[in-house]
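# my questions concern the predicted model and sequence given below.
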Amino acid sequence: MNEVDQLSEFLQRLTPLSRSCLLSELERLELCGVDMPGSSEVQAKLRAEFRKDGSSQARATSPSRYFFAPIELLLIDGAPEHANAGRISRNTLTPIWEWICRDLLPTMARDYIKAINDQVAANNPKEVLKVASTFQTKVVKVLENILASPDGAEQARSKLAQYTASRTAFDDVAKILHVLRAGDALRKFDDKLPEKIAKFDDGQVAQITAQLDAFKKSHPHTLPFALALLARRLKTSWQLVRLATKSAASKSAADVAATPYACVVPMVLDRLDDKRLALRVALRNNRVLVARDLLAEIYDTEYALKVRIDGLDQSEWGIRLQHLMDAIAALVSAEVSRFPSNVGHILGSRRLRSHDTLGGKLSYLAWKGRDAVQDGAAVFRKLLGQS
């Protein structure tokens with residue numbers, strides 16, 4: 001028996017849920033940069049079984065898809081291992097669902113799956129949503145009881161480890177609990193947002209900050225998810241930082257960190273990390289044009305953060321930003337070095353750094369002039385208030 005046949009025989013011995021979990025694990029490890037010989041062949045076989053379109057992104061089966069529907073807008077396809085406040089890794093859903101079905105509520109889960117399948121077959125969408133909502137409520141109550149005690153939380157963490165080696169799966173369970181509890185409030189907040197925010201100007205910032213303030217009073221633990229929904233409407237995700245810089249006493253990193261919405265800065269850095277991972281995958285698959293667009297967005301985000309926050313380099317945010325940019329530079333350098341020095345590479349083009357152009361430098365000077373006026377006015381108002 002050759003290796004291909006042995007592999008096929010081994011995979012067929014696993015349950016469908018185990019095979020699906022294995023696929024998620026292999027994709028997770030690949031996104032984390034772990035190279036395993038033979039992994040691509042196994043992934044190809046499993047994708048052919050579970051994803052008829054060959055997609056490299058996990059898609060839930062119908063019962064779990066309806067259960068996880070409230071978090072759909074908050075899912076990301078990157079590796080679970082790096083920080084993502086307000087968002088949940090799609091690759092942890094399969095092991096979490098298997099844990100729910102096998103350990104958390106096995107009997108109720110079987111009843112739920114049967115009821116969902118029956119209603120889907122009967123083409124009754126209202127009943128499908130009702131069945132899903134009822135099961136969500138049951139899961140929320142059980143999770144609240146389990147996570148209320150250190151022993152219960154540790155037992156849940158231990159059980160989850162049987163389905164995935166990801167260290168963040170347990171954190172995603174807690175995130176899912178927060179989202180399910182505040183599902184209606186999140187939907188209402190999302191519905192009030194503009195469809196697209198092309199320019200996050202002062203008026204928009206003030207209006208949305210008021211909405212966020214109201215949301216935060218009732219659901220403080222769910223605020224990062226509301227911010228993640230807002231980020232989806234922005235033309236560029238780095239504009240989130242305006243929630244913090246607009247209300248800060250000055251542009252200094254210390255003053256920005258003291259604002260109620262300082263959490264948006266690490267959230268923007270999380271998204272920069274997402275782009276780093278996506279860049280690595282694009283380069284690995286020789287998708288140079290995709291890599292070019294990602295790199296341009298990365299440079300724009302780096303520039304925006306440095307322009308809008310003074311003293312960033314000396315802050316924890318700046319240190320993290322530098323680590324990310326060093327890792328990105330290493331990826332680009334490795335790609336460019338594959339070509340002779342006399343052959344220009346698209347990723348080495350200065351045009352990707354739009355702020356290095358004449359127009360970009362003029363915009364920078366304009367921002368600095370405006371900031372100087374605004375900071376001076378702020379100091380003057382402060383002095384008047386103290387007199």
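Yes, it's here. Numbering: from 1, shown residues only.

# how about Ser62: what's its closest non-neighbour residue?
Spatially, and ignoring its direct neighbours in sequence, Ser62 is nearest to Val120 (5.9 Å; Cβ to Cβ, 6 or more residues apart in numbering). Every C-beta, even on glycine, is put in place using the N, C-alpha and C of the backbone.

# and Pro16, how far is that from Ala296?
To Ala296, Pro16 is 42 Å away according to Cβ to Cβ, to the nearest Å.

# for whichever helix or strand the residue nearest to Ser62 is part of, packing partners?
Assessed by DSSP states H and E, Val120 sits inside helix 106-121. Here helix 106-121 touches helix 62-67, helix 125-147, going by 3 or more Cβ pairs under 8 Å, 6 or more residues apart in numbering; DSSP states H and E.

# burial-wise, tell me which of the ones you listed comes out on top.
helix 62-67 (a mean of 20; mean count of other Cβ atoms under 10 Å).

# contacts for that one?
With contact meaning Cβ atoms under 8 Å, 6 or more residues apart in numbering, helix 62-67 is reached by 59, 93-94, 97, 112-113, 116-117, 120, 128-129, 131-132, 135-136, 139.

# same check, this time on stretch 245-256
202, 205-206, 209, 241, 244, 258-262, 265, 308-312, 314-315, 317-318, 371, 375, 378, 382.

# can you say which of those residues are buried?
Buried residues within these, defined by neighbour count using 16 or more other Cβ atoms under 10 Å: 205, 209, 241, 244, 259, 261-262, 265, 308-310, 312, 315, 317-318, 371.

# identify the farthest-apart pair in those residues.
Thr209 and Gly318 (24.5 Å; Cβ to Cβ).

# any low-confidence regions in the stretch 201-350 of the chain?
339-346, 348-350 (pLDDT under 70).

# do you know how far Arg47 is from Ser158?
30 Å.

# quick one, which of those two is more surrounded?
Arg47 (17 against 10; other Cβ atoms under 10 Å).

# in the helix or strand hosting that one, what counts as buried?
Under the criterion of DSSP H and E, Arg47 resides in helix 39-50. Neighbour counts over helix 39-50 (16+ other Cβ under 10 Å) mark Val42, Gln43, Lys45, Leu46, Arg47, Phe50 as buried.

# could you do stretch 274-284 as well?
For stretch 274-284, the neighbour count (16+ other Cβ under 10 Å) marks Asp274, Lys275, Arg276, Leu277, Ala278, Leu279, Arg280, Val281, Ala282, Leu283 as buried.

# in strands, which of the residues you listed appear?
Taking DSSP state E, every one of the buried residues of stretch 274-284 sits outside strands.

# ranges for the helices of the stretch 151-300 of the chain?
For the stretch 151-300 of the chain, the helices defined by DSSP state H, counting those that start in this stretch occupy 169-181, 183-192, 202-218, 223-233, 242-245, 253-257, 264-284, 288-308.

# could you dump those helices to a markdown table with distance to Leu23?
What follows is the helices of the stretch 151-300 of the chain, written out as a markdown table (distance: least, Cβ to Cβ, whole Å):
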| stretch | distance to Leu23 |
| --- | --- |
| helix 169-181 | 15 |
| helix 183-192 | 28 |
| helix 202-218 | 37 |
| helix 223-233 | 26 |
| helix 242-245 | 38 |
| helix 253-257 | 41 |
| helix 264-284 | 16 |
| helix 288-308 | 23 |
